[in-house]
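Peer 1: Mind looking at a prediction? Sequence and model below.
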Amino acid sequence: MHLEKNALKGESGFILDGFPRTTRQAEILEQVTEINLVINLRIREDVLLQKCLGRRICSQCGNNYNVASINIEAKDGHPAIYMAPLLPPPSCVSKLITRADDTEEVVKERLRVYHDKSRPVEEFYRSRGKLLEFELPGGIPESWPKLLAALNIEEHDSKQRLAA
C-alpha cells in the first residue's frame, strides 16, 4: 500500500506495532532511526472491556471469535461506536470457551498497567510533535477508512487493505 508505493520511488519506511513500550526504548529507537509519526489508537475503556469479555476460542479448531456486539450512540462528546461480533460457524458454537484471563478483574488490571506504562511513551512523542491521537469509531471496517483519511492516504485496493 503506501509503503510499497513509496518503496518503488526509493523511499523506505516501516510500521512498528506495540513498540516502544518504555521511554528508554523510545530514546534508543530515536538514536537508531528517524521516527516520523506515532499513532495512538484509542478506544473507550468500557468498549474495550466489552470486547475483551466477549472473546472466545473454539476448543476444537483453536480459532478466535468475539460474541460482543457493540452499538453505542454518540453521547456527551463521545462519538458513536459500532463493532460487530465475529461469530463462529455453527460447527464451533458448542465448543467455544472463554480464556482464563478474560475476566473483568484481570482485564481492568491489564488496562491499568497498560495506561501506567504507555502514558510516559505517549508524552515522549507528544512533546516532539510526533503523536497522532486517533479515536477508533469501531471495528476495522469502520476505522480503517477514517484512519487512512487522517493520515491523508488514499485507499487503492481493498485486497491490499485487508492484507495490511
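Peer 2: Here it is on my side, so go on.

Peer 1: list the contacts for the residue nearest to the spatial centre of the chain?
Peer 2: The centre of the chain sits closest to Leu41, judged by CA atoms, centre = their mean, with a distance of 5.6 Å. Taking CB atoms under 8 Å, 6 or more residues apart in numbering, we find Leu41 in contact with 134, 136. C-beta coordinates here come from the backbone N, C-alpha and C atoms, glycine included.

Peer 1: For it, give me phi and psi.
Peer 2: phi -80, psi 120 (degrees, to the nearest 10).

Peer 1: ditto for the one 4 residues further on
Peer 2: Taking degrees, to the nearest 10, you get phi -60, psi -40 for the backbone angles of Glu45.

Peer 1: Report the spatially closest residue to it, excluding sequence-adjacent ones.
Peer 2: Leu111 (6.2 Å; CB to CB, 6 or more residues apart in numbering).

Peer 1: So that neighbour sits against Arg44, correct?
Peer 2: No. Applying CB atoms under 8 Å as the test, Leu111 and Arg44 come out as separate, 11.3 Å apart.

Peer 1: distance of Thr103 from Ala68?
Peer 2: Distance of Thr103 to Ala68, computed by CB to CB, to the nearest Å: 15 Å.

Peer 1: Name the residue in these two with the higher neighbour count.
Peer 2: Ranked by neighbour count (other CB atoms under 10 Å), Thr103 and Ala68 place Ala68 first, with 17 against 13.

Peer 1: tell me the contacts of that one?
Peer 2: 50-51, 53-54, 83, 85.

Peer 1: All the strands of the protein, residue numbers only.
Peer 2: Remark: strands assigned in the chain by DSSP state E are 38-42, 55-58, 64-66, 70-72, 81-83, 96-97, 131-135.

Peer 1: could those strands go into CSV alongside distance to Ala149 and mean pLDDT?
Peer 2: Shown next, in CSV, are those (distance: least, CB to CB, whole Å; pLDDT from 0 to 100):
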stretch, distance to Ala149, mean pLDDT
strand 38-42, 13, 92
strand 55-58, 29, 96
strand 64-66, 26, 95
strand 70-72, 22, 90
strand 81-83, 17, 89
strand 96-97, 36, 97
strand 131-135, 10, 92
